[in-house]
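**Q** Structure here, sequence nowhere to be found:
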């Protein structure tokens, strides 16, 4: 039964995926905060808030890099097992 994958095993790229999810969430909140004054009719937020909303894309790229790293590690592991 040693060839079974452990459920708690750390795969390369897991940290990147988690960090990407956190950065994406921060960017999503910043986007909601930035867009809210448009609907509420209040004064808009400073321009740096628009920059913070770009964190959604950065988080998406980080998570994608983590997925690609996980795939590469899985392929290396598969080749070593053959």
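**A** Here it is on my side, so go on. Everything quoted here is computed from the prediction, not taken from an experiment.
**Q** would you list every one of the helices in the protein?
**A** Assigned helices in the chain, in chain order: 14-40, 48-52, 55-81 (criterion: DSSP state H).
**Q** Identify each buried residue in the first one, please.
**A** I take that to be helix 14-40. 16, 17, 20, 23, 24, 26, 27, 30, 31, 34 (16 or more other CB atoms under 10 Å). All C-beta spots, glycine's among them, are computed from the backbone N, C-alpha and C.
**Q** same deal with the second one?
**A** Buried residues in helix 48-52, counting neighbours by 16+ other CB under 10 Å, are found at residue 52.
**Q** from the chain's centre, how far out does that helix sit?
**A** On the basis of CA atoms, centre = their mean, to the nearest Å, helix 48-52 sits 18 Å off its chain's mean C-alpha point.
**Q** Kindly provide the distance from the residue nearest the centre of the chain to residue 51.
**A** The residue at the geometric middle of the chain, judged as the C-alpha nearest the mean C-alpha position with CA atoms, centre = their mean, is residue 20 (2.1 Å). Taking CB to CB, to the nearest Å as the measure, residue 20 and residue 51 are separated by 18 Å.
**Q** Good, wrapping up.
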